[in-house]
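Asks: kindly generate the corresponding structure for this input.
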Amino acid sequence: MPGLTEFSTGGVVVRGEECVVIVPTRRAADGRKVLALPKGHPDAGETAEDAALREVREEAGVQARVVEPLGDVRYWYQREGRRIAKVVRFFLLEYVSGTVDDHDHEVERACWMPLAQAARELTYPGERDMAGRALSRVARDR
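Replies: As a prediction, the model looks like this:
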């Protein structure tokens, strides 16, 4: 049986040297809370960039603009006994407007966090790497 694949897209929204992080209502497999970057599946006909901007608006309550691609995070996970290959494409996004208090029901909390702290404390290694890449690019541009 061929393996299943999923594609999502997300963003590291920066404002100065801070980024937006979320605590989704959905827990990790072991039941712990997750500290994550906003991300989700593209809607039909939606580009990866547009999906990242929409997901950031929905999950974190903020408007942003795309600066550049950051890279892909690839991993495997299990759902209903099936192994799924997942790719999440991340973009560096620049904050434009909005408030993190305006997030949707899928998110317990959204907040601003220093990029350096996010690169250490996000739950998943791939997302920590994306925050680190964003920090390097922001520092390079200063």
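Asks: what sits up against the one helix or strand Ala110 maps to?
Replies: If you go by DSSP states H and E, Ala110 is part of strand 107-114. By CB atoms under 8 Å, 6 or more residues apart in numbering, the list of residues contacting strand 107-114 from outside reads 15, 17-25, 33, 38, 59-61, 100-101, 103, 121. In short, each C-beta sits where N, CA and C put it, glycine included.
Asks: paired strands for it, with orientation please.
Replies: strand 18-24 (antiparallel) (DSSP bridges).
Asks: need the residues that contact the strand it pairs with.
Replies: Contacts of strand 18-24 (CB under 8 Å, 6+ apart): 12-13, 33-38, 56, 59-60, 62, 95, 100, 103, 106-115, 118, 122, 131, 134.
Asks: how about stretch 86-93?
Replies: Here stretch 86-93 has contacts from 5-14, 37, 39, 48-49, 52-53, 56, 64-77, 126, 130, 133-134, 137, using CB under 8 Å, 6+ apart.
Asks: next step: those residues restricted to strands.
Replies: Within the contacts of stretch 86-93, residues falling in strands by DSSP state E are 5-14, 39, 64-77.
Asks: now do the top helix by length along the chain: distance to the chain's middle.
Replies: Longest helix of the chain, by residue count under DSSP state H: helix 125-140. Offset of helix 125-140 from its chain centre (CA atoms, centre = their mean, to the nearest Å): 12 Å.
Asks: please check the contacts of strand 18-24 and keep the buried ones.
Replies: 12-13, 34-38, 56, 59-60, 62, 95, 100, 103, 107, 110, 112-113, 115, 118, 122, 131, 134 (16 or more other CB atoms under 10 Å).
Asks: right, and Glu55 touches Gly10 too?
Replies: Yes. Between Glu55 and Gly10 there is a contact under CB atoms under 8 Å: 6.0 Å.
Asks: so what sits against both of the two?
Replies: Joint contacts of Glu55 and Gly10 (CB under 8 Å, 6+ apart) are Pro38, Lys39, Gly40.
Asks: out of those, which comes closest to Ala85?
Replies: Ala85 lies nearest to Lys39 out of the shared contacts of Glu55 and Gly10, by CB to CB, at 16.0 Å.
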